[in-house]
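# Sequence first, predicted coordinates after that:
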Amino acid sequence: MNSRFLLVILILSSIFVSCKNENPAVPATAITVTDTLEVKYAKGFDLKRIKDGYRLMINNPWPGSADTLQLDFSTDATIGDVQIPVEKLIATSTTHIPPLELLDETDKLIGFPDTDYISSPAMRERIDAGDVEDLGSNEDVNLEHTISLVPDIVIGYGIDADNPTYDRMMEAGIPVLYNGDWTEQHPLGRAEWIKVFGILFDKEEEAFAIFKKIESDYLAAKASVQDLDKPTVIAGATWKDVWYLPYGNSWQGRMINDAGANYIYKETQGSGSLAYNVETVLNDAQNADFWIAPGQYTSYKQMLADNASYELFKAFQEKQLFTFAMRKGPTGGVIYYESAAMRPDLVLKDLIEIFHGKPQENDLNFFDPLSD
């Protein structure tokens, strides 16, 4: 073993040791739960109060999982898994950025995999200033770099039970919080995850107030259109000859219906996406009045070049297609992917304006009419 390799091993060993908690957490059974906090729409987590903090239960941390993961957060460094308020945080999805902005905690983010996907102006300033480290890609996170930053917590997400990178982080003493906002089927369930971020920064009151306002605005917008005529709506587009669409019980499908419209596939239920051939969708939705979110397409010309069948749809012929793919951050991140989950109230207002109004340029928050 050469001396340079030995030095690397010694450095990594010291990093792993430095990340371990010098005050081992009190066993969960020794921490008394005092009461339960309200979680109205989200299915992926539950919150309880404990001494000087909170207990977070993550239900189904990845699709199909029957596991429940638990983390205790406390202002007392000798209790729980994570001391709050968190000062240094690593996030792994752009959906984790809006809660930090809403809670005025953007300065706590110190690392992120592939920072080009982040569109937030405030975060881009921090990235450009070198305050947020680029950690590679989600598929190949630079583990040693991540550990060397000594974060208080990593906000991750799991596609399945195979998460060796997160396992190694936890072995190094870094708590990992599996954020399942992306699996929520109710639009307000996704937004409710701000309550989880609220406990990280010991801002329960602020987080609950922010969610209450989002909920109130969403429900008011929904109520305003329930007695109007309901146009029919189709969504999605083809990818390699397969047309992918949201299920009727998905957050996208629910939102179309909450906007006072009839989603063509509103009766379908499932997780992931519907997958049909073009002939099936043409048979079911040829006369749909509106077409929402046709993949990454931004123009009618681009769509026709890929699939001439698109021209057979009424919504295409009457130019009633609306996309979120045009609005991007300075480094190419799609703003909708970052912000829509936390702001369903704004998405709903966009859809209501599309289906029941006559949106003009810059009237909408996320969507635009397709260009010619």
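Happy to help now that I have it. Keep in mind it's a predicted model, so treat the numbers as computed, not measured.

# Every contact and neighbour count from this point should use C-alpha atoms.
Will do.

# what's the pLDDT at the residue nearest the centre of the chain?
The structure's the chain has its C-alpha centroid closest to Thr95; by C-alpha atoms, centre = their mean the separation is 3.5 Å. pLDDT for Thr95: 96.

# Same question for Ser339.
For Ser339, the pLDDT comes out at 97.

# Test my guess that it contacts Pro98.
Yes. Ser339 lies in contact with Pro98 (C-alpha atoms under 8 Å); the separation is 6.1 Å.

# His275 bridge partners, please.
Check again: residue 275 is Ala, not His. Bridge pairing for Ala275 (DSSP bridges) gives the partners Tyr244.

# contacting residues for it?
Ala275 sits next to Val242, Trp243, Tyr244, Leu245 when contact means C-alpha atoms under 8 Å, 6 or more residues apart in numbering.

# From the residues you listed, pick the one nearest Phe45.
Leu245 (26.7 Å; C-alpha to C-alpha).

# For that closest one, the count of nearby residues, please.
Counted with other C-alpha atoms under 10 Å, residues neighbouring Leu245 total 23.

# you'd agree it is up against Trp239?
No. Leu245 is beyond contact range of Trp239, at 10.8 Å (criterion: C-alpha under 8 Å).

# Which one (most neighbours) among the contacts of Ala275?
The residue in these with the most neighbours, by other C-alpha under 10 Å, is Leu245 (23 neighbours).

# so how far is Ala293 from that residue?
Distance, Leu245 to Ala293, using C-alpha to C-alpha, to the nearest Å: 10 Å.

# anything in contact with each of the two?
Shared contacts of Leu245 and Ala293, defined by C-alpha under 8 Å, 6+ apart, comprise Ala235, Gly236, Ala237.

# Against Tyr117, how distant is Ser137?
Going from Ser137 to Tyr117 by C-alpha to C-alpha gives 10 Å.

# For these two, indicate the residue with more neighbours.
Set Ser137 next to Tyr117 and count neighbours by other C-alpha under 10 Å: Tyr117 wins out with 21 against 13.

# what about the stretch 1-150 of the chain, any weak spots by pLDDT?
Applying pLDDT under 70 to the stretch 1-150 of the chain picks out residues 1-30.

# Can you show me the strands along it?
33-36, 45-50, 53-59, 68-74, 82-83, 89-91, 109-112, 133-134, 136-137, 140-141 (DSSP state E, counting those that start in this stretch).

# burial count for Asp372?
The tally of other residues near Asp372 (other C-alpha under 10 Å) stands at 9.

# So for it, what pLDDT did the model give?
91.

# For the helix or strand containing Tyr337, name the packing helices and strands.
Using DSSP states H and E, Tyr337 maps to helix 335-339. Contacts defined by 3 or more C-alpha pairs under 8 Å, 6 or more residues apart in numbering; DSSP states H and E place helix 335-339 against helix 97-102.

# send the alpha carbons of the helix it packs on over as PDB?
The C-alpha trace of helix 97-102 is given here as PDB (Å, rounded to 0.1, in the frame of the first residue of the first chain):
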ATOM      1  CA  ILE A  97     -36.000  23.700  -2.800                       C
ATOM      2  CA  PRO A  98     -39.300  25.600  -2.500                       C
ATOM      3  CA  PRO A  99     -39.900  24.600   1.100                       C
ATOM      4  CA  LEU A 100     -36.500  26.100   2.000                       C
ATOM      5  CA  GLU A 101     -37.500  29.300   0.200                       C
ATOM      6  CA  LEU A 102     -41.000  29.500   1.800                       C
END
